[in-house]
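[1] Only the shape, not the letters, is given here:
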C-alpha cells in the first residue's frame, strides 16, 4: 500500500512540530562556504547545530548527536579524516546524510564520496549529476551545477538505494525515493539556486528530520517540503537573492502547519524497476 | 568602594565613543562558522577586524594588534598552533579573550582550553557549562548549548579569576566578575541564541573594548552592555532570526549614548566568598 | 589612441550582458572570512562560483574554469599549496586575479604573494599599501587597512604591470591601469569598507569579467564599475552595514545598462612614465 500525498503532508506537519519540541542536535562536517548559513538554517528551523569537524572529536561527538551531515564541498585533509571518523561512528546508531558536492571528475572527493557511500548513509542527497556520478554513471556536473536533469538520474538513484535507505535528487521538482516509493515535491523557487548553500543547508535539515524516527522516506519528504515551502514564502517577500536569504531564515522560523498544508505539492509513485 | 550602575553606564557611553575614535585592530582566531559574522560585528561597532590565524603569522601579528580573541569553536590543527603562538605573544602586552566553546567532554579542545587558560587571558567568556568545565567542574554542555544556569557557574567563575582578570558568563542575564565585584547585565534578546555567532562575536567585541584601558571589569561590562542593548533594538525591528542578524549590525553601527543610558540594566554586587 | 570614458561605459554595459548570458564558472581560493559573501556576490552577478581550494583538485579544476581568484586573506598550508597549483595551471590559459591581502610584514603571505606575482597573474588588485608591498616598496598596511593613499601607489602599480596585464588599486576612487592607460572610477560608497569582503569579493568579480575576452583593462574597469555602481544603489536603500550587504546583493542582481550609463564616473588618462 502506497502512502497518499495527504498522508505525507500530515506527517510533515507533525514532524515539524516534533522537531521544534525536541531541538535535535545536528552535527555538520560541511564546507567553508556554507557553514554559517547552514548553522543559521538549523537554528531558524528549531534544531541545534554543532559543527564539530576535527579529527579526534568528530567521531566521539557523533555518539551524542541526533543526526549528522557530511558535505564534500571543500574537503581539506582534516575534514576528510573527520568525515570518515564520524561516518564510522554513526553506522547503525546515528542517522546521517551524505551530500557528494561536485563529485565526478574531481580526484580527491570522488573516491572519498564512494568510500562514504559504502559506509551506508541513511540519506544521500545531490543534484542529478552528483547522484549519477556517485552511482558510477556520468562524469559529474560543472562545479556545483548539475549538467543533467532530475529524471535522467532516476536509475542511478534507484541503484544507490542499495547503499542508503533514501536517495534525494534536487532540481526544479525534487525527487525523494527509497526502494519502493518515489515522491516528487514541486515546491521551491529559483532563488534557492541564487544563494550559496541553498542546496547544502537542505542536507542539514534532512539530518535534523532524520533524527525523528524510523520512517526515513517520510522524514526526508518532510525536510524537503518544509524547506521548499519556506523558500516560496521568502521569495514572495524578497527583492533579490540578498533579501531572499534573510527572508528565508525568517520564514523557516515561523512556518506553520496550515501554510504547509495549503502549499505542499507532493506526488507519490511506485518505484518502477 | 563598589562602583554604582550609573558609574558603569557612564563608563560604557564614554568607552563606545573612544572605541569608535580609535578603531582598535582586533585579531581573531575563531571558528569557521562565525568568522564572517564576527568580522562584520567588529566593523559595525567601529573596530578593525583582522583574522590572522595561521602559524608563523598569528604570533608576530599579535604584537601589533590592540586586542585578541581566541575562540575554540572549530579548532583544526593549524588554528591550535596559531592560538598558542598568539596567546604566548599576547601575554603581558596585548589584552586577550578566551572563549572555550563547547569544552567539557570533547577531547582536543578541552585540554587546549586549559593550556590557554594557564597562559593568563585577560578575559574568559563562556556559557555556564563552559565556565564550569574550564574551572575543572562539570562535564560541559551539549555542543554550544549550556546545560547549566548562570548562577550555578558563579563559584567556577570566581575560581577562574585566579587565571583571568575578568570572567563573563553569558545567559539570559549576563554576569561579569573579577575578584572583587560581580556585575549583572539584564539586556539582550532570545534572538541572540537563534543566530549562529550570537555569543562568539561578543568575545571579539570584548577584545575590542579590552584595548581601551586598564579597567578590564568596566571594559567587559561596556562590551556586554553595548552588544546586548544593540540586540534589543534590533529585535524590535526584525521579523525573525534572519532579519534580526541584519538589523543587529545596523543597530550596533548607530547605537548612541542616549539609548545606552536609557536601556542599560546593570546591577553591581560585592563578590561573596 | 586612448579610449574615451564613453567607450568604457558602453563596453561595461555590453560586458554585463554577456557575463549574464555566459554564466562563467569562477574558481575561488579565498579566505574563510569572506568565502560565503564572495560566492553570493558571484551568484547575484550571474556567474557560477566554485570554491575548489584543496591541493590535488585546485589545479585540475582550473583547467575547466573560466576565471580564477587567488586571495591571501587566511592562507593556511593547504590553501597555499592549492594556490600555487592553480596559478601554475592557469598560466597562459585561464585568466586569474591575485589579491595579496594584508601583505607587507606578515612573514608567510608576503613571500607567497611575490611567488604568485612572478607566475604572471592577469590582474593584481589591492589597496595602496598592498600594491606598494607587492612591488617591493613600503611595508604594508595595518591588517587589511591601507596606510597609504591610492596616488602614492601609482609608481608601484606601474612597476607591477611587468608582472600582470592589469593592476587595480582600490580606494575612495579606484584606479585600474595597464602599461598604457590609467582609468579612474569614482563610484562606490564608504559602506563597502564597513562590510567584510567588500574588497575581496571584487576580486572574484574581476575574475568573472576577465573570462569575457582579451581586453583585460576594459574587463577590469567593467568589473569595478558594475560593483561600485551596485554598491551606490544599495547604500541609498540601506540603514547601516547589515542592510547594505543584503541590498548590495539585490542591486547587483538587478543592475541594468541604463543605470550603469547614468551613474558611472570614469576618467581615462595616459600613463605617464
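    Received, thanks. Not measured: the values here are computed from a predicted model.

[2] switch to C-alpha atoms for all contacts and neighbour counts from now on
    Will do.

[3] any low-confidence regions in the stretch 101-250 of chain A?
    Where the stretch 101-250 of chain A drops to pLDDT under 70, the residues are A:138-147.

[4] How about the residues of it by chain B?
    Applying Cα under 8 Å from any Cα of the partner chain, we find that the stretch 101-250 of chain A lies next to chain B at A:245-250.

[5] Tabulate those (CSV), appending neighbour count.
    CSV is the format used below for these (neighbours: other Cα atoms under 10 Å in any protein chain shown):
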residue, neighbour count
A:245, 28
A:246, 22
A:247, 26
A:248, 29
A:249, 27
A:250, 24
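
[6] Which residues of chain A lie near chain C?
    So chain A meets chain C at A:32-34, A:73-76, A:106-108, A:142-144, A:194-196, A:239-243, A:246 (Cα under 8 Å from any Cα).

[7] which SS class is residue A:124?
    strand (DSSP: H, G, I helix; E, B strand; the rest coil).

[8] give me every residue that touches residue A:122.
    The contact partners of residue A:122, taken as Cα atoms under 8 Å, 6 or more residues apart in numbering or on different chains, are A:95-97, A:164-166, A:216.

[9] So which of these sit within helices?
    Those of the contacts of residue A:122 mapping onto helices are residue A:216, per DSSP state H.

[10] most surrounded residue in the contacts of residue A:122?
    Top of these by neighbour number is residue A:96, holding 32 neighbours under the definition other Cα atoms under 10 Å in any protein chain shown.

[11] hang on, the earlier thing: filter the residues of chain A next to chain C to the buried ones?
    Taking 16 or more other Cα atoms under 10 Å in any protein chain shown as the criterion, what is buried in the residues of chain A next to chain C is A:32-34, A:73-76, A:106, A:108, A:142-144, A:194-196, A:239-243, A:246.

[12] what about the helices in the stretch 1-150 of chain A?
    With DSSP state H, counting those that start in this stretch, the ranges of helices along the stretch 1-150 of chain A come out as A:5-22, A:35-45, A:58-62, A:77-90, A:109-118, A:128-134.

[13] Nearest to residue B:136, out of those helices?
    The closest of the helices of the stretch 1-150 of chain A to residue B:136 is helix A:58-62. By Cα to Cα, the value is 20.1 Å.

[14] what about that closest one, average pLDDT?
    Across helix A:58-62, pLDDT averages out at 97.

[15] ok now it, how far from the chain's centre?
    Computed by Cα atoms, centre = their mean, to the nearest Å, the chain-centroid distance of helix A:58-62 equals 20 Å.

[16] and what of stretch A:244-255?
    Taking mean C-alpha positions (Cα atoms, centre = their mean), stretch A:244-255 and its chain are 18 Å apart.

[17] Next one: the closest residue to chain C within the stretch 1-150 of chain A from residue A:254, what distance?
    In the stretch 1-150 of chain A, the residue that lies nearest chain C is residue A:33 (4.6 Å; Cα to the nearest Cα). Residue A:33 sits 26 Å away from residue A:254, going by Cα to Cα, to the nearest Å.

[18] ditto for residue A:20
    11 Å.

[19] Ok, residue A:19 next?
    For residue A:19 relative to residue A:254 (Cα to Cα), the value is 13 Å.

[20] More neighbours: those two, which one.
    Comparing residue A:19 with residue A:254 by other Cα under 10 Å, the one with more neighbours is residue A:19, at 18 against 15.

[21] In contact with that one, which residues?
    Applying Cα under 8 Å, 6+ apart, the residues near residue A:19 are A:46-47, A:208-209, A:212.

[22] For residue A:113, grab the count of nearby residues.
    23.

[23] Leaving out the residues flanking it, which one is nearest to it?
    Counting by Cα to Cα, 6 or more residues apart in numbering or on different chains, the nearest residue to residue A:113 once its immediate chain neighbours are dropped is residue A:100, at 5.9 Å.

[24] And that neighbour, its phi and psi?
    phi -80, psi 70 (degrees, to the nearest 10).

[25] If I look at it, what pLDDT would I see?
    98.

[26] In contact with it, which residues?
    A:71-73, A:109-110, A:113, A:125-126, A:130, A:134.

[27] Highest neighbour count among the residues you listed?
    residue A:130 (31 neighbours).

[28] any chance you could map the helices in the stretch 151-273 of chain A?
    So, for the stretch 151-273 of chain A - with DSSP H, counting those that start in this stretch - the helices run A:154-160, A:200-210, A:216-236, A:241-254, A:257-263.

[29] May I have the beta-bridge partners of residue A:98?
    Per DSSP bridges, the residues bridged to residue A:98 are residue A:70, residue A:124.

[30] dump the residue contacts of the residue in the stretch 1-150 of chain A that chain B sits nearest to.
    Using Cα to the nearest Cα, the single residue of the stretch 1-150 of chain A nearest to chain B is residue A:36, 4.6 Å away. Residues in contact with residue A:36 (Cα under 8 Å, 6+ apart) are B:32-34, B:196.

[31] what about 7 Å?
    B:33-34 (Cα atoms under 7 Å, 6 or more residues apart in numbering or on different chains).

[32] Make sure residue A:250 is actually in contact with residue B:238.
    No. With contact defined as Cα atoms under 7 Å, residue A:250 does not count as touching residue B:238 (9.0 Å).

[33] So which of the contacts of residue A:19 is surrounded by the most neighbours?
    residue A:208 (32 neighbours).

[34] Find the residue at the geometric middle of chain A.
    Nearest to the mean C-alpha position of chain A, by Cα atoms, centre = their mean, lies residue A:203 at 2.6 Å.

[35] Now do that residue against residue C:149, distance only.
    From residue A:203 to residue C:149 the distance is 46 Å (Cα to Cα).
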